[in-house]
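1. the sequence isn't on hand, but the structure is:
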């Protein structure tokens, strides 16, 4: 059974930090590009950060550049999102996504709430 399980969300004050984790199972993790997406209430899901399977190249949304860092540990089948200098506008449900050509998997998300 394919699973992507996010964890690490919670309530944090503005300026604080959180580290999200996404644990994968049921597929060949090394083959997949991994992305973090988020969806705030009443808004569309948006891409936050991604990391390739090949050389670990990363990409970030402009809104999080310099504050968020994505990384992966293929030995643990886990991807991380280190979030620093959090802002209230970062409040959202954060989802992990794994993609290999047309095959795509999603986790169920973890809620991040940043208070002002």
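-> Sure thing, it's come through. Source: prediction; values computed, not measured.

2. next, name the residue at the spatial heart of the chain.
-> Centroid-nearest residue in the chain, with CA atoms, centre = their mean: residue 36, separated by 2.9 Å.

3. quick check: that residue touching residue 92?
-> No - using CB atoms under 8 Å, residue 36 is not in contact with residue 92, being 10.4 Å away. All C-beta atoms are positioned from the backbone trio N, CA, C, and that covers glycine.

4. can you say which helix or strand has the residue nearest to the centre of the chain in it?
-> Taking DSSP states H and E as the definition, residue 36 sits inside strand 33-39.

5. which positions in that strand come out as buried?
-> For strand 33-39, the neighbour count (16 or more other CB atoms under 10 Å) marks 33-38 as buried.

6. in the chain, what spans have low per-residue confidence?
-> Residues of the chain meeting the criterion pLDDT under 70: none.

7. let's see it at 90
-> 54-56 (pLDDT under 90).

8. where do the strands of it begin and end?
-> 3-7, 10-13, 18-25, 33-39, 46-51, 58-60, 68-73, 78-83, 92-100, 103-106, 110-115 (DSSP state E).
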